[in-house]
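Chemist: this is the structure alone, sequence omitted:
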Ligand code: TRP
């Protein structure tokens, strides 16, 4: 079977009308702010859902800022984990996927203290009832099986400081992050109303790439161990896919409701090749789960080969990765300090200016 592997950045044109619709001149020059929690290595769900999208936005000339949200790691867990390695791996994965550190900014919360200072006035603009209503925060509190920490309750305000501090106008996120973008808009609006307009209300950019499920059919997540990590070797990838749940029907069809696991593998293949999942199903035909898994393994390994090679190479150069983080954090600090100065001026805290 021949497989046409796409330019990874072209994936969006095929599978995401919202994103490709946004690839117009109007979006060029927008300021993108997005981020990840460094809780483990990235997997194919991140790749298809967000990484490819970020690279595409970078290619269209948008200023892309990626927040490594290290302070969000402790919103719902008791420790930070092996952060240094995780942060380096994350940076290697961004760069291997095509983020260019000269054009885009990668920074870590903990390296940009100016960002935290924005949180104080922002906290004054929201009520505890509004924070308690946030459905994503509620779900996270429930899943953590802990009582809600004050950081878990307020991190969406900190996230608003990420976005507004970096002057973000477009925030590419998954659905779960929409309440946070809404809150960010609310904070911008209320700040502008009280102190004079300095913030633009950012918009969310929802990826419409179909969500990739875990290989066990549940939500793909690092903690469930049901992912296909970007850094997995080719044999490891084959083993993971071999162990994926499927059904015994020989004829492969794309039916997300009745055959979710089969549909999931078809979705991954379709997203990587730019085909329609029904077409992929037709190509596999009567080959059953075995043929589908063979195809999925080939397509994934082929699509990620170059990324994996660069990832491995980058991980041998820790000094370079650290330099990217330091440089990105310095640039993010400069932007955040500029915002902070405007905020202080608007609030009458510019004590020494005349
Ligand atoms: N909360 C986001 C997540 O868990 C990560 C994040 C942190 C973020 N800061 C951000 C996303 C700013 C968008 C913009 O995925």
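Modeler: Nice, I can see it. Remember, it's a predicted structure, so these values are computed and weren't measured experimentally.
Chemist: show me what contacts residue 251?
Modeler: Contacts for residue 251 were tallied using C-beta atoms under 8 Å, 6 or more residues apart in numbering; they are 285, 286, 288. For the C-beta atoms, the positions are set from N, CA and C on the backbone; glycine is no exception.
Chemist: need the buried ones from those selected in ChimeraX.
Modeler: Here is the ChimeraX command that selects the buried residues among the contacts of residue 251 (16 or more other C-beta atoms under 10 Å):
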select :288
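Chemist: the contacts of residue 251 in strands, which ones?
Modeler: In strands, judged by DSSP state E, none of those are found.
Chemist: which one among the contacts of residue 251 gets closest to residue 151?
Modeler: residue 288 (48.8 Å; C-beta to C-beta).
Chemist: which of the contacts of residue 251 lies closest to the ligand?
Modeler: Distance to the ligand, by C-beta to the nearest ligand atom, is smallest for residue 288 among those, at 36.5 Å.
Chemist: these two touch, right, that closest one and residue 253?
Modeler: No: if you go by C-beta atoms under 8 Å, residue 288 and residue 253 don't touch, sitting 11.4 Å apart.
Chemist: residue 320: which of the contacts of residue 251 is nearest?
Modeler: residue 288 (45.8 Å).
Chemist: any idea how far the closest one is from residue 262?
Modeler: 10 Å (C-beta to C-beta, to the nearest Å).
Chemist: do the same with residue 139
Modeler: 28 Å.
Chemist: which residue is nearest the middle of the chain?
Modeler: Note on the chain: the residue nearest the mean C-alpha position is residue 50, at 4.8 Å, using C-alpha atoms, centre = their mean.
Chemist: show me the contacts for that one.
Modeler: Counting by C-beta under 8 Å, 6+ apart, residue 50 makes contact with 34, 172, 173, 174, 207.
Chemist: that one: what secondary structure?
Modeler: The three-state assignment at residue 50 reads helix, by DSSP: H, G, I helix; E, B strand; the rest coil.
Chemist: follow-up on the earlier one: let me have the contacts of residue 50 in CSV, extended by pLDDT, neighbour count and distance to the ligand.
Modeler: Output for those, formatted as CSV (pLDDT from 0 to 100; neighbours: other C-beta atoms under 10 Å; distance: C-beta to the nearest ligand atom, whole Å):
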residue, pLDDT, neighbour count, distance to the ligand
34, 97, 21, 4
172, 93, 23, 8
173, 89, 19, 5
174, 86, 15, 7
207, 78, 20, 12
